[in-house]
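Engineer: sharing a model that was predicted from the sequence below.
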Amino acid sequence: MGEKSVQKRKFILETARKVFVDKGFKKVTMKDIVEACEISRGGLYLYFDNTSQIFLEVMKLESQEADDVFSDSITEDATAADILLLFLQEQKKELLRKNDTLTQAIYEFYFQNQLGKKDNILKRQFDSAVKIIEKLIETGTDNGEFYCEDCKGTARNIMFVLEGLKISAQTIGITAEAVDREILFILKSLGLEG
């Protein structure tokens, strides 16, 4: 794929992201994306076959960008506790973002599409985050920063708490105080005071 094609594809994905944020996943059609991009239908079909394919690519792009922002925020001398706190603060920002989030579209997509483990980006992201947090907790425990008897279980629990908060943010609403309370509970469970 040439540079112009790469840029066009990226433009389509960035524009489609805005459409998915505004409409969710279920209501978006290829026509919506064609109109938002101001390209021909054939121009869109050169790159993508359907909205599901576009949405999966939007999710991948969003995940890569989030990973880059987080990685760039970590200093060389950061401790395991510093990194965990940074991670939780980034999650808080995401949870409190009222607009410009794909959360609703993501849930709609996964309710509508039953994907195998290999194709399920959300499951891979969840499992990857559990492994990273587990290693972080293990390192912090070895360094005496944390106290934890079951690093994997604690990491998994942290991710389930965050996932529950995401659903709450989209359905019943959530406050900064509620998120802070849950983060404090996580930190206290590791022997930190926050």
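Structural biologist: Now that the structure is in, tell me what you want to look at.
Engineer: residue contacts, Ala178?
Structural biologist: 165, 168 (C-beta atoms under 8 Å, 6 or more residues apart in numbering). For glycine as for every other residue, the C-beta is placed from the backbone atoms N, C-alpha and C.
Engineer: which stretch of helix or strand covers it?
Structural biologist: helix 176-189 (DSSP states H and E).
Engineer: quick one: buried residues of that helix?
Structural biologist: For helix 176-189, the neighbour count (16 or more other C-beta atoms under 10 Å) marks 179, 182-183, 186-187 as buried.
Engineer: and what of stretch 57-74?
Structural biologist: 57-59, 62.
Engineer: which residues are in contact with that stretch?
Structural biologist: 10, 13-14, 16-17, 20, 48, 82-83, 86-87, 90, 102, 106, 121-122, 125.
Engineer: what sits closest to Lys131 if chain neighbours are left out?
Structural biologist: In space, and not counting its chain neighbours, Lys131 is closest to Ala155: 7.5 Å by C-beta to C-beta, 6 or more residues apart in numbering.
Engineer: do you know the pLDDT at the one you found?
Structural biologist: Ala155 is assigned 97 on the pLDDT scale.
Engineer: that one contacts Glu138, correct?
Structural biologist: No. Using C-beta atoms under 8 Å as the test, Ala155 is too far from Glu138 to be in contact (9.1 Å).
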